[in-house]
Each structure stands twice: as structure tokens, then as C-alpha cells.
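1. With the sequence up front, the predicted model follows.
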Amino acid sequence: MTIQKVITGFARLRDEDLNTFTQNILNKMTGNTNFVTPAPALADVETSLKDYQAALAHAKGGTKEATSLKREKRAALEALLRDLAAYVQVTGKNNSTVLLSSGFDLRKASTPIGILAKPVAVKIVPGPNPGSVRISVERIAGADSYIFQYVEAPALPTSLWHTKAATARTITIDNLTIGKEYAFRIGAVGSDPTIVYSEVLTKFIA
């Protein structure tokens, strides 16, 4: 079986190309019945893109402050695009036509190595700021990246999980509601489209 994977190498795009690339994603996914509940919301991506466009235009003046702001806005936009790519990857269910309808490109087909192991060594500790947590998982053999999901507890079959994707095995999740309990789970992404999630762990946010 051929494995279809969304490309997430946005860092290689030039500044203007990232602008064009993101706008194409928004055009393709707006009203796309293959992706009815994008996460993050397209409105959030559009807002981030506008912030980046403004910073990009201002940076042409050449000041260090303007360039620093442009880099900051670019990093924020890239983070949202990675999360959106993770949503597309999971929702697309290895259908190349569906995946391509999102506007994202696909990697060259790879040979599957099988379903990856279930993450078992998951740690959740308080993050650096109030309302944040730091989540880590031991390396899963064959994993190209990891999907970190969270939702207010209790996690139900109908719950809509928030998703963050990263190539790193440790991430920080911010802007959680202090005093509430959240449920967390992690899945490893490899050549096989099947994602096996860890057991659901819960933690009160301080």
C-alpha cells in the first residue's frame, strides 16, 4: 500500500513564497467538504497570515526590530500550518485526492514499515507559564513526527481534540484554563497511516 504524507517543510520556503503558499491553503480549504472542522480554525490561520504580511512589508525597511518582528510572525504562522497539516493528514485517511484538495503538497510515496508502537512513556509536567503544560514521550522507532492532542476532561467519544504536531518529542501547550482538568494523548506518525494513540492521561492545570 502506498503511503501519502503531507509535506511540512515550510521553513525552506522564502518569505514571499510562504505568503503565497498559505493563501493557497486558505483558498483550497475554505468551504472544502473534505475538511469541515479544520484545527486550527482557518480564521486563526488567516489572522496570522495578515500579521505576517504586515510584518513582512514593514521589514523591507531593513531595521533590526522590523526583521525580528517578521521572524516572530513567520514562526507563529509556520506553527499553525504544521498543526493544520496534522489535521489534514489524519482527516485525509491516506486518500491522495482528498489530501491534495487541501492545497498541501505530498511527499514522494514511501514503502510502509508497519503500524508504529503505542506510546507508553508519556510525561506531563507544569509548563513555564501559568496555564501551560510540557508534554514529552520516549522516541518511537520509525516515527517521523508526533501528534499531541488535548481536550477538557472528561474525554468522550464525541470530544473534538485539539491537535499540535511536532518533529520533537517534547512540546509546550499554552493558554489552558487554570483550575480545569484536561485530557491528553499522543500518537506517533510514520509511514503507515494508522495512528495508535497513548492511553489518555489527565492533569489539572495550575
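-> On my side now, so go ahead.
2. Quickly list the domain ranges of this structure.
-> Domain assignment for the chain by automatic domain parsing gives 10-100, 122-204.
3. got the end-to-end distance for the first one?
-> Meaning domain 10-100. 16 Å (C-alpha to C-alpha, to the nearest Å).
4. Likewise for the last one?
-> Between the opening and closing residues of domain 122-204 there is a gap of 16 Å (C-alpha to C-alpha).
5. ditto for stretch 26-44
-> Stretch 26-44: ends 11 Å apart by C-alpha to C-alpha.
6. got a list of contacts for it?
-> For stretch 26-44, the surrounding residues in contact (C-beta atoms under 8 Å, 6 or more residues apart in numbering) are 45-46, 49, 80, 83-84, 87-88, 91-92, 98, 101-103, 160, 162-163. The C-beta positions use only the backbone N, C-alpha and C, and glycine is treated the same way.
7. Of those residues, just the buried ones, ChimeraX syntax please.
-> Applying 16 or more other C-beta atoms under 10 Å to these, the buried members can be selected in ChimeraX as follows:
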select :45,46,49,80,83,84,87,88,91,92,98,101,102,103,162,163
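8. From the contacts of stretch 26-44, which land in strands?
-> His162, Thr163 (DSSP state E).
9. before we move on, the earlier item: I'd like the domains of the chain as CSV, with distance to Ile115 and mean pLDDT appended.
-> Output for the domains of the chain, formatted as CSV (distance: least, C-beta to C-beta, whole Å; pLDDT from 0 to 100):
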stretch, distance to Ile115, mean pLDDT
domain 10-100, 13, 93
domain 122-204, 5, 93
